[in-house]
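> Kindly generate the corresponding structure for this input.
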Amino acid sequence: MHTALTRANALVAYTMSVLASLTFLCFLSTFFNEYQVHADIDTVKVVVKNVPDYAAGKEKNDLGFLTFDLQADLNPLFNWNVKQLFLYLTAEYETPNNKLNQVVLWDKIIQRGENAMLDYRSMNTKYYFFDDGNGLLGHKNVTMTLSWNIIPNAGNLPRIMSKGMHTFAFPESYTTTRVM
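From the prediction side, this is the model:
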């Protein structure tokens, strides 16, 4: 006959196998959901300054300042398997020095049960919009997109872009006045 420890080990191993199978089935129940919604993004004010970047050296680099409007209804993204959303607004552009530049301008965490309706007007960026040179002055094609990571109870962590994006241009001259 088996000892008590052998029986306990078999019971725990069987329980863990059942729980792993149930977790996988829970993951599959939401894996094929569409997690994309439309976001309306618009820029209100865009200026560029040429300032010293003391973190990278003493040379002057472009620093963009902008205010933006953001509207999106993220409630359809939540289901029983979504614990929270990590939202981030990025600006993407090309310069002669770098083929692809991506800058995170703003982020927010929305947990289940919180208001997931975004309606921001004339919002300032949360992070600095520094270029590693003078690539922002007069740049005509900067694209802002809202993206998010879904933090699930069980399953993978997808990175998803919204269906809406906004393209804007920086002015042709530097501003010397105080910004915001």
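
> Can you spell out which residues form a bridge with the residue nearest to Asp40 when sequence neighbours are not counted?
Using CB to CB, 6 or more residues apart in numbering and skipping the chain neighbours, the partner closest in space to Asp40 is Gln71 (4.4 Å). The way it works is simple: take the backbone N, C-alpha and C, and place the C-beta from them, glycine included. Assessed by DSSP bridges, Gln71 has beta-bridge partners Asp40, Asp119.

> residues touching Gln71, list them.
When contacts are counted by CB atoms under 8 Å, 6 or more residues apart in numbering, Gln71 touches Ala39, Asp40, Leu118, Asp119, Tyr120.

> what's the answer for Met161, then?
With CB under 8 Å, 6+ apart, Met161 has these contacts: Gln36, Thr145, Leu146, Ser147.

> in the helix or strand hosting the third one, what's buried?
I take that to be Leu146. Taking DSSP states H and E as the definition, one finds Leu146 inside strand 142-152. Residues of strand 142-152 classed as buried by neighbour count (16 or more other CB atoms under 10 Å): Val142, Met144, Thr145, Leu146, Ser147, Trp148, Ile150, Ile151, Pro152.

> What is the nearest of the contacts of Gln71 to Val47?
Closest approach to Val47 among the contacts of Gln71 (CB to CB): Tyr120, at 19.2 Å.

> Which residue, neighbours along the chain excluded, lies closest to the closest one?
Leu70 (4.5 Å).

> My guess is the one you found contacts Ile41. True?
Yes. Between Leu70 and Ile41 a contact is recorded at 5.6 Å, counting by CB atoms under 8 Å.

> what do the two both touch?
Leu89, Leu146.

> If you count contacts, what does the helix or strand hosting Ala8 end up packed against?
In this assignment (DSSP H and E), Ala8 forms part of helix 4-31. Contacts defined by 3 or more CB pairs under 8 Å, 6 or more residues apart in numbering; DSSP states H and E place helix 4-31 against no helix or strand at all.
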